[in-house]
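**Student:** Fold the following and give me the result.
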Amino acid sequence: MTTNLALDPGFGSALVQGLGAIALYAIVGLILMVVGFYAIDWTTPGKLSTLVRTGAPNAVIVTAAGLVSMAFIVVIAIYNAGGKLAEGLLTGLIYGLAGIIVQVIAVRLLEWVTRLEIGSMIESDRFAPASVVVAAAHVALGLVVAVAIF
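**Tutor:** Numbering: from 1, shown residues only. Modelled structure (predicted):
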């Protein structure tokens with residue numbers, strides 16, 4: 001009796017295709033995360049990237065929460081993208097961009113409703129408890145938008 005340890009003939013090809021798909025989805029995810037960061041930066045008063053680099057605590061909290069919320073949206077957009085690889089990448093990209101737009105609008109609307117002075121808060125060198133409210137709003141709305149994509 002002989003035991004055959006050989007791989008199926010299409011194994012190598014399937015493995016390479018799978019790795020290629022992972023790389024392409026990772027690129028789409030990275031692009032969406034960068035777009036999401038700049039969307040947060042552009043729509044938030046002050047220059048978040050500079051404030052984060054200088055260690056402004058409220059800017060760090062709001063930016064971190066914004067990135068986590070964008071990650072929820074990007075992950076669900078990619079997870080929900082089905083079909084052939086090209087269709088999945090395009091669907092993930094479109095859903096991700098739509099989710100980012102909705103997220104930014106929703107967070108800005110919530111900040112307006114709560115009448116928080118975001119600009120002065122994120123530029124402050126002192127911790128402001130309201131930054132946690134803004135961060136929670138980012139995460140909560142990110143989850144809502146992500147589930148809406150799903």
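**Student:** excluding its backbone neighbours, what's nearest Ile101?
**Tutor:** Excluding the flanking residues, the one nearest Ile101 by Cβ to Cβ, 6 or more residues apart in numbering is Ala39, at 7.5 Å. In short, each C-beta sits where N, CA and C put it, glycine included.
**Student:** residues near Gly29, how many?
**Tutor:** Neighbour count of Gly29, defined by other Cβ atoms under 10 Å: 18.
**Student:** Let me see the contact set for the residue nearest to Ile101.
**Tutor:** Contacts of Ala39 were listed using Cβ atoms under 8 Å, 6 or more residues apart in numbering, and they are Met70, Ile100, Ile101, Gln103, Val104.
**Student:** Likewise for Val132?
**Tutor:** Ile61.
**Student:** how much space between it and Val35?
**Tutor:** Separation of Val132 from Val35 (Cβ to Cβ, to the nearest Å): 25 Å.
**Student:** What of Tyr79?
**Tutor:** Distance from Tyr79 to Val35, counting by Cβ to Cβ: 18 Å.
**Student:** Neighbour count: those two, which is higher?
**Tutor:** Neighbour comparison, Tyr79 and Val35: the larger count goes to Val35, with 17 against 14 (by other Cβ under 10 Å).
**Student:** Next, count neighbours for the residue lying closest to the more buried one once chain neighbours are set aside.
**Tutor:** Excluding its sequence neighbours, the residue lying closest to Val35 (Cβ to Cβ, 6+ apart) is Ile100, at 6.1 Å. Look at Ile100: counted by other Cβ under 10 Å, it has 25 neighbours.
**Student:** Thank you kindly, that will do.
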